[in-house]
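K.L.:
Got a sequence here, can you build the structure:
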Amino acid sequence: MRDPIVEEVRKAREEHARKFNYDLEAICRDIQARQTKCGHQLVRFGPRKLSEVKTVNSSCAKMN
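P.N.:
Numbering: from 1, shown residues only. Model prediction:
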């Protein structure tokens, strides 16, 4: 199934990454600069609490 919205987001992500030669640090600096400029927090993921971390199901662990 093709989703035009997903395709559009992937295209924008690819163009943005290419603009910075796929340098993750440069990409992050750009996003942080955009966040500062617009005044809205664009990325706000903090550390996850231990209770939020999912553990591997024991049946999956046996498969390895």
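
K.L.:
From here on, just use CA atoms for contacts and neighbour counts.
P.N.:
Will do.

K.L.:
Within the helices and strands, which one has Glu8?
P.N.:
In the assignment (DSSP states H and E), Glu8 maps to helix 4-19.

K.L.:
From Cys38, how far out is Ile31?
P.N.:
The gap separating Ile31 from Cys38 is 11 Å, by C-alpha to C-alpha, to the nearest Å.

K.L.:
quick one: which of those two has more around it?
P.N.:
Per other C-alpha atoms under 10 Å, whichever of Ile31 and Cys38 has more neighbours is Ile31, with 14 against 9.

K.L.:
Helix 4-19 and the helix or strand following the helix holding Glu8, what's the angle between them?
P.N.:
Proceeding N to C from helix 4-19, the next assigned helix or strand is helix 24-38, under DSSP H and E. Relative orientation of helix 24-38 and helix 4-19, computed by axes from the mean of the first three to the mean of the last three C-alpha atoms, to 10 degrees: 110 degrees.

K.L.:
Now do the buried residues in helix 24-38.
P.N.:
Within helix 24-38, the residues that qualify as buried are Ile27, counting by 16 or more other C-alpha atoms under 10 Å.

K.L.:
For that helix, the averaged confidence score.
P.N.:
The average pLDDT within helix 24-38 is 90.

K.L.:
Restrict it to CA atoms and write it as CSV.
P.N.:
Extracted C-alpha coordinates of helix 24-38, given in CSV (Å, rounded to 0.1, in the frame of the first residue of the first chain):
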residue,chain,number,x,y,z
LEU,A,24,23.7,13.9,11.7
GLU,A,25,25.3,16.6,13.8
ALA,A,26,24.7,19.3,11.1
ILE,A,27,21.1,18.1,10.7
CYS,A,28,20.5,18.4,14.5
ARG,A,29,22.1,21.8,14.6
ASP,A,30,19.8,23.0,11.8
ILE,A,31,16.7,21.6,13.6
GLN,A,32,17.8,23.3,16.8
ALA,A,33,18.3,26.6,15.0
ARG,A,34,14.9,26.4,13.4
GLN,A,35,13.4,25.6,16.8
THR,A,36,15.0,28.7,18.3
LYS,A,37,14.0,30.9,15.4
CYS,A,38,10.3,29.9,15.4
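
K.L.:
helices and strands around that helix, which ones?
P.N.:
Helices and strands touching helix 24-38, by 3 or more C-alpha pairs under 8 Å, 6 or more residues apart in numbering; DSSP states H and E, are helix 4-19.
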